[in-house]
Structure formats: structure tokens, C-alpha cells
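1. Just to be clear, the model below is a prediction. Sequence and coordinates:
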Amino acid sequence: MIIKVIIPAYNEEDSIASVIQEIPKEVHEVIVVSNNSTDNTEVNAKAVGATVLKEPQKGYGYACLKGMDYIAAQSEQPNIVVFLDGDYSDYPEDLTKIVEPIIENDIDFVVGARVKSLRESSSMTPQQVFGNWLATFLMTLFFGAKFTDLGPFRAIKYKKLLQLNMEDKTYGWTVEMQLKALKQKLSYIEVPVRYKRRIGVSKVSGTVKGTIFAGVKILGWIFKYSFK
């Protein structure tokens, strides 16, 4: 079972090495996509064995798509692709729990759900908590979904990922994946994961601009698919 991890990273020099080093050893390749970083993110990631790519166009989706393009060009394709943030808010060792339903039960898509009982205090901002609730509520209302979170720590069969034809370049990447999984009737499950306060300041929820843009993008995707 070939597993590859894609980590979008923008100025995460203080956290990226810790994230990579705690990823379970059964992962075949860790791909860090530096999203126009201006610090030592790339140097620190290379120092602990990651493949480092550069994506000058800022945007979470741009970075994820760059990682996918790199994988597509390889002769050996993975069975599973895992997406993980580079800010050390997740516990990388929980990757084993996230891929288990795919390996053991042939599930197509798994989202790591940041449930309240496993979250460190203040690890998610109030706007993140509300935004997740609103987005998943609307997905339940319109599509009968069983998602409770838009958690970025997630795993998907590589062939199913290609089938989704992902396109969002910025803040809507996670919700686009979940909406397309619903539309294409992929089997999916959430796995509760631990979550802690990130290292550094969030580029999305840590700013008013980022929060507004992310909210607009997420709601835009939901309403777009609701009326298709």
C-alpha cells in the first residue's frame, strides 16, 4: 500500500520539521509544497527528508494541486494520498488512524474530525468553529451528508482523488473535495482526531481578510452544488 503525504506550507519554518518527523514511517514520501514561503520552510523540510516543491502562486488549493501534479508525473502511483497542514496543529501520528478505514474497510475518503473532546482549548477560533458548523449543517441540509468538520487532515484513494477533478485554488479546497465526494457517491467516514494550538498565526482564521474570504469561498461552493 503506497501512501504519499502532501503538505501545503507557507512560512512554517518553526513547525514543518516536527510535522514531518512525526509522520509514521509507512508513508513512502512526504511532499512539502512551499507556497511562496519567504523563511526557512524549504530548508527545514529538506533537512528532515521531505521532497520540497515550490508553488509561487499563493493559495492553499494551488499548493495542493502542485503536489498532485508532481505525483501524476511519477512512474509509481500511490494507493492513498493524505493531506496534512504544516502548522503542527494536528498530530501527524494520527495518520495511521485516518488511513485505516481505507486499508481495512475499502472506504474511499476519510476526514479527520476535530471533535471538541479531543481539541486543546483555544486551538480553533470561534469563527472556525462556527464556520465548520454552518458548512456541515448546510451540507447535511442540502445533500444529507454526515460530515461534522472540514478538517484539513484527510486521506483519499488516489484514483478517487483524480476522479474528483479538483479545481479550487484557494480557501475552498476542503469543502470542494467533500462536496464532490458526496456528488460522486464516494464512500466516506470521519475519524475523530486530536487537535492542538498551531505554531505561529493562521494565515486564514488569524486574519479578518482570511476569515471573510474563506467563508465566502466555502459558502459559494455549497450553494453552487446545491443548485446543480
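-> Perfect, thanks for sending it.

2. going forward, measure contacts and count neighbours with C-alpha atoms only.
-> OK.

3. Might you report the residue contacts of the spatially most central residue of the chain?
-> By CA atoms, centre = their mean, the chain has its centre lying nearest to P152, at 2.9 Å. Contact partners of P152, counting by CA atoms under 8 Å, 6 or more residues apart in numbering, are 83-85, 111-112, 174.

4. Among the residues you listed, name the ones in strands.
-> If you go by DSSP state E, the contacts of P152 have 83, 111-112 in strands.

5. picking that back up, how far away is the residue nearest to the centre of the chain from V43?
-> Distance check for P152 against V43: by CA to CA, to the nearest Å, it reads 24 Å.

6. Over to S34?
-> Counting by CA to CA - S34 and V43 are separated by 10 Å.

7. Counting neighbours, go ahead and name the busier of the two.
-> S34 (26 against 14; other CA atoms under 10 Å).

8. so the more buried one bridges to which residues?
-> Each beta-bridge partner of S34 is listed here, defined by DSSP bridges: A9, K54.

9. Check V30 too.
-> What pairs with V30, by the bridge criterion (DSSP bridges), is V5.

10. Count the residues that sit near it.
-> 22.

11. Any chance you could list what contacts stretch 133-147?
-> 148-150, 179, 182, 189-190, 218-219, 222, 226.

12. Please read the previous query as pertaining to stretch 155-166.
-> 65, 78-83, 98-99, 102, 108-111, 173, 176-177, 180-181, 184, 186.

13. Check what pLDDT I222 gets.
-> Looking at I222, its pLDDT stands at 85.

14. can you check F213 too?
-> 64.

15. circling back: of the contacts of stretch 155-166, buried ones?
-> 65, 78-83, 98-99, 102, 108-111, 173, 176-177, 180-181, 186 (16 or more other CA atoms under 10 Å).

16. Quick one: residues contacting the closest residue to L53 other than its chain neighbours.
-> In space, and not counting its chain neighbours, L53 is closest to V33: 4.7 Å by CA to CA, 6 or more residues apart in numbering. Shown in contact with V33 (CA under 8 Å, 6+ apart): 6-9, 52-55, 63-64, 66-67.
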